[in-house]
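J.: 3D, please:
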Amino acid sequence: MLSLVVLISGGGSNLRALLEASQDAEFPARVIAVGADRDADGFEHAEAFGIPTFAVALSNYPDREAWGDALVEQIQVWQPDLVVLSGFMKLLPPRVVDALGPNLINTHPAYLPEFPGAHGVRDALAAGVSETGASVILVDNGVDSGPILSQRRIPVLPDDTESSLHERIKPVERELLIQAVLDIANGHINLKELATT
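T.: Predicted coordinates for the structure are as follows:
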């Protein structure tokens with residue numbers, strides 16, 4: 001059974017999907033703790049499922065490195081097999097990635113390497129592309145630059161706004177994330193191998 005710590009910053013819709021998936025006795029992964037960089041709305045999902053939560057706010061530390069060290073310390077209390085960044089909007093300092101990798105994955109609302117960064121949906125619309133997508137990646141020390149675990153294309157409709165496009169990307173992100181966790185748990189994705197290629 002794969003144990004997961006999920007890190008969020010907002011509403012936690014991907015977290016909710018993982019929690020619901022893990023209710024199935026056949027699903028080979030369980031969320032054991034949920035963390036955030038603030039008092040996130042998504043903690044409600046964790047609480048509804050009886051999952052412990054923790055927050056490590058950047059503003060409580062003198063710099064990003066000290067914050068990162070505190071975050072790693074909180075995560076390592078749980079000794080998870082896998083850490084999932086699920087709408088976690090802070091860039092992790094390199095030593096956090098080094099401490100948690102390669103068992104560290106992230107979801108992104110674009111078809112990487114297209115439109116990395118915090119505004120993938122907005123950037124896709126601004127570029128006037130006819131399609132974008134969703135991706136699940138292995139986290140490295142770049143910005144959304146790690147090896148791709150899975151991704152899928154999503155059409156951009158002529159009347160799409162940032163909000164409407166993002167709402168159509170989110171369910172695909174959730175499906176890709178659940179499948180990626182399943183594939184990691186079942187040994188179909190080897191994160192150590194991916195990290196060295």
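
J.: Please count neighbours and contacts with C-alpha atoms only from this point.
T.: Fine.

J.: So what would you say the end-to-end distance of stretch 182-197 is?
T.: Across stretch 182-197, the terminal residues are separated by 22 Å (CA to CA, to the nearest Å).

J.: all helices for the protein, in order.
T.: Under the criterion DSSP state H, the chain carries helices at the ranges 13-21, 43-48, 64-77, 94-100, 120-127, 162-185, 191-196.

J.: Name whatever forms a beta bridge with Leu2.
T.: When bridges are called by DSSP bridges, Leu2 pairs up with Ala29.

J.: So it sits against Gln79, correct?
T.: No: at 10.9 Å, Leu2 and Gln79 do not qualify as touching, with contact defined as CA atoms under 8 Å.

J.: Compare neighbour counts for these two and give me the winner.
T.: Between Leu2 and Gln79, Leu2 has the larger neighbour count (other CA atoms under 10 Å), namely 17 against 13.

J.: what's the domain layout of this structure?
T.: As recorded under automatic domain parsing, the domains making up the chain are 1-100, 108-197.

J.: Make CSV from the ones you listed and add mean pLDDT to it.
T.: Shown next, in CSV, are the domains of the chain (pLDDT from 0 to 100):
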stretch, mean pLDDT
domain 1-100, 96
domain 108-197, 96
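
J.: Of all the helices of the chain, which one comes closest to Asn141?
T.: Of all the helices of the chain, the one in closest proximity to Asn141, counting by CA to CA, is helix 94-100 (5.6 Å).

J.: Please report the number of neighbouring residues for Ala126.
T.: 10.

J.: Distance-wise, check it relative to Leu182.
T.: Note on Ala126: its distance to Leu182, by CA to CA, is 34 Å.

J.: possible to save the helices of the chain as CSV with distance to Leu138?
T.: Converted to CSV, these look like this (distance: least, CA to CA, whole Å):
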stretch, distance to Leu138
helix 13-21, 17
helix 43-48, 24
helix 64-77, 17
helix 94-100, 10
helix 120-127, 17
helix 162-185, 10
helix 191-196, 7
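
J.: Hmm, Leu138 is touching Ser150, no?
T.: No: with contacts counted by CA under 8 Å, Leu138 stays clear of Ser150, the gap being 9.9 Å.

J.: These two: who's more crowded?
T.: Comparing Leu138 with Ser150 by neighbour count (other CA under 10 Å), the higher total belongs to Leu138, at 23 against 18.
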